[in-house]
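Q: show me the folded form of this:
(4 chains)
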Protein chains: 2
Amino acid sequence: MKGKATSFDIAHYAGVSQSTVSRALRNSHLVNEETRKRVFDIAKKLNYKVDKNASNLRTQQSSTLALLLFEDPTSDESQINPFFLAMLGSITRACAKEGYDLLVSFQSASADWQADYEDSHRADGIILLGYGDYIDYQPKFNTLLEQNTKFVCWGATVDNRPDLTVCCDNYGGGKLAAEHFIAHSRTDCAFIGDASDHSPEFFSRFQGFKDELLANNVKINERKMANAISTEESGYHATRSLIANNIKFNALFAASDLIAIGAIRALKEANINVPKDVAVVGFDNIAIASYVNPPLTTIEQNTTIAGQMLVENLLKLIRGEEVQSTLLPPILIPRKSS
Amino acid sequence: MKGKATSFDIAHYAGVSQSTVSRALRNSHLVNEETRKRVFDIAKKLNYKVDKNASNLRTQQSSTLALLLFEDPTSDESQINPFFLAMLGSITRACAKEGYDLLVSFQSASADWQADYEDSHRADGIILLGYGDYIDYQPKFNTLLEQNTKFVCWGATVDNRPDLTVCCDNYGGGKLAAEHFIAHSRTDCAFIGDASDHSPEFFSRFQGFKDELLANNVKINERKMANAISTEESGYHATRSLIANNIKFNALFAASDLIAIGAIRALKEANINVPKDVAVVGFDNIAIASYVNPPLTTIEQNTTIAGQMLVENLLKLIRGEEVQSTLLPPILIPRKSS
DNA sequence: TGACATTATGACACCGGTGTCAGGAATTTA
DNA sequence: TAAATTCCTGACACCGGTGTCATAATGTCA
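A: This next block holds a predicted model:
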């Protein structure tokens, strides 16, 4: 046999028509049991596999989802944010469970990604995953919506479409961090992250943090805040600049674990003891968090559930079912850094 | 416009035949420049995207590679080995650079994965990534070879086909670890990993380690060896059992970083100081390694290059070009654990 | 026994591109 | 001016399945 076997080959050997083969292989009840068995046996012998391109072309669907990972273009090329990698893992699993394949692709936020995968019928829907400059995405979301492309995204909100977003309750997570500090009488708080509304996730975390402090009559001093994107380097530099400016605090809330880890490095360098002098709380609970020294107290986002929800919601959208807005509860994981 | 635009729609608006549209969009030199422009403009306006299913079906290739990740089924479901995640990242990037899409899928070693992706024309080739029981795979490799499926694999060797494997020089890496201990006069060595030939990568690491020690007249005591698979838990338990058996050593070579991290935890628990009492060296240089306490000395496998090589070699195989056997040089990254 | 339902199958159009071949128009050559 | 060449385009088969429709064979009921 040259080349791969087709349904015509099977039809030939089974002495039936190609139509019947196709039906038999898809377990249509229209096919005689005996015929079905014969076809299956021959298919197995010839190592036949349905040509997905032909099948997808005809049925106009692909049983495939696309995952677009937006990386902050400023972050180090070689290291991908471990939080996203964890998400990727759980999304892959969730897809497999649902019988879907997963196409993975990295995108820079600026690129002209649009609906490429879905328009070209390569994927039935798209999962968008990224941290950061989501605000720039709204026009692209609109394009996707206009074209009736099915998509869900992590973290970012889409105007008037809360059902397209799965995210952690960042505001609530921020409050958890504040509660934790209050409970341990650490009220001289610093924040590192991006408190502008440029990065909505960080913004919400900060808002929750600030509001909960206020509810306990604690005000956060603007001078005790520094901007950082979600990398260890950025957290390190932001913290160093606070220290260099001689700014004092006894609690530090970092908008992500990577930032927190960088912050701890900067604190250590300045001979500031964690947690004795400064208690540090991060956000995400990436795998590294439990191994750093001291182990990092953090607000966990459950990536397993998050990945499942993204996939489930997307499939519902594809099937035309209604989707509820999904907010995942954050959990405080207390460790030795606070 | 209902539904997605097709090349016929463009043909209609451009007043040319569908054939010409197809040619124009693929920049065939057979098309008049003016016609080409017109077609492009209309395509853009209609937000036209080539239907990959139709295109792939006709051309019998997919511009897609499949990545099959074999996880050790005994490892914790929720956590994927960070080394593989790093590989996944670099493979994704390498694919993008070459203009290929990447299908990602998790498989358990036992499943009937065979050549599914390639047989069904979803992918032009397959990358196999896994640790562990590779020895069981040879029959499946044979099936793949028989069917002329293009594939490459990480780590595992395929009988008589060294060109299909990309891996780190595990033997050389083991020697590096031994050299390091010798240089620091730590000659009472323990090894944790799998020194049977069940896990060829671990086996090679151990062989290199042992041989280099022998070259320096140091013999490793069989009692100072313990089996472990590549998880933190497994490393922890293996080390605990050594300690429980009152086995003494002043240097420990772990077959992977996760094992090493587990080992350090066990040592700490037993009040054994790292590196003062026991120097620890791991293997992989995963991201966590530099953050643990103390930072872990390890043998780095460069995942960026590894991913690139896997993709490059696979593409060469697909194009029918000759591929050289690829052995990547390991590098010792000295940190505070030794 | 004739009308009708049920079951199993084949023929065929179709999905949306790609590649081949034939041929008309314009240009060059003899 | 006829012949050859180049350039550009359209018609059409084809990739390998899926879904619809027609139909033959068999079973059911009045």
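
Q: tell me where the stretch 1-150 of chain A has strands.
A: A:64-71, A:101-108, A:125-130 (DSSP state E, counting those that start in this stretch).

Q: tell me which of those approaches chain B most closely.
A: strand A:101-108 (5.0 Å; Cβ to the nearest Cβ). Where C-beta positions appear, they are placed from N, C-alpha and C, glycine not excepted.

Q: buried sites along that closest one?
A: The neighbour-count criterion (16 or more other Cβ atoms under 10 Å in any protein chain shown) identifies A:101-107 as the buried residues of strand A:101-108.

Q: please name every helix or strand in contact with that strand.
A: strand A:64-71, helix A:82-97, helix B:82-97, strand B:101-108 (3 or more Cβ pairs under 8 Å, 6 or more residues apart in numbering or on different chains; DSSP states H and E).

Q: which one, of these, ends up nearest to A:Asn217?
A: helix A:82-97 (33.3 Å; Cβ to Cβ).

Q: who in chain A is up against DNA strand C?
A: Applying Cβ under 7 Å from any atom of the strand, one finds that chain A approaches DNA strand C through A:15-20, A:23, A:29-33, A:35, A:54, A:57-58, A:60.

Q: report the buried members of those.
A: Buried among these by 16+ other Cβ under 10 Å: A:16, A:20, A:23, A:31, A:35, A:54, A:57.

Q: ramachandran angles for A:Phe151?
A: The phi/psi pair for A:Phe151 (degrees, to the nearest 10) reads phi -150, psi 160.

Q: to clarify, my last question referred to A:Cys167.
A: Dihedral angles (degrees, to the nearest 10) for A:Cys167: phi -160, psi 170.

Q: what's the burial count for the residue nearest to it when sequence neighbours are not counted?
A: Of all residues not flanking A:Cys167 in the chain, A:Gly155 sits nearest, at 4.7 Å (Cβ to Cβ, 6 or more residues apart in numbering or on different chains). Around A:Gly155 sit 22 other residues, with neighbours defined as other Cβ atoms under 10 Å in any protein chain shown.

Q: surely A:Gly155 meets A:Gly130?
A: Yes - assessed by Cβ atoms under 8 Å, A:Gly155 is found in contact with A:Gly130 at 7.2 Å.

Q: list the buried residues in stretch A:331-338.
A: Here stretch A:331-338 shows A:332-333, A:335, A:337-338 as buried, counting by 16+ other Cβ under 10 Å.

Q: which residue does the stretch 201-338 of chain A bring closest to DNA strand C?
A: Of all residues in the stretch 201-338 of chain A, the one sitting closest to DNA strand C is A:Ile318 (17.3 Å; Cβ to the nearest atom of the strand).

Q: show me what contacts that residue?
A: A:124-125, A:150 (Cβ atoms under 8 Å, 6 or more residues apart in numbering or on different chains).

Q: can we see that at 10 Å?
A: By Cβ atoms under 10 Å, 6 or more residues apart in numbering or on different chains, the contact set of A:Ile318 is A:61, A:65, A:100, A:118, A:123-125, A:150-151.

Q: for it, give me the pLDDT.
A: At A:Ile318, the predicted lDDT confidence score is 93.

Q: now it: how far from A:Thr149?
A: 10 Å (Cβ to Cβ, to the nearest Å).

Q: now do the shared contacts for the two.
A: Common neighbours of A:Ile318 and A:Thr149 (Cβ under 10 Å, 6+ apart) are A:118, A:123-125.

Q: so which of those residues is the most crowded?
A: A:Ala123 (32 neighbours).

Q: wait, that one touches B:Lys49, no?
A: No - if you go by Cβ atoms under 10 Å, A:Ala123 and B:Lys49 don't touch, sitting 11.8 Å apart.

Q: flag every residue of the stretch 1-150 of chain A that's near DNA strand D.
A: Counting by Cβ under 7 Å from any atom of the strand, the stretch 1-150 of chain A sits next to DNA strand D at A:3-4, A:6-8, A:18-19, A:22, A:25-26, A:48, A:50-51, A:54-55, A:57-59.

Q: what about the residue lying closest to A:Ser256 once chain neighbours are set aside, how many residues nearby?
A: Closest residue to A:Ser256 apart from its sequence neighbours, by Cβ to Cβ, 6+ apart: A:Ser230 at 4.3 Å. A:Ser230 sits with 27 neighbouring residues when counted by other Cβ under 10 Å.
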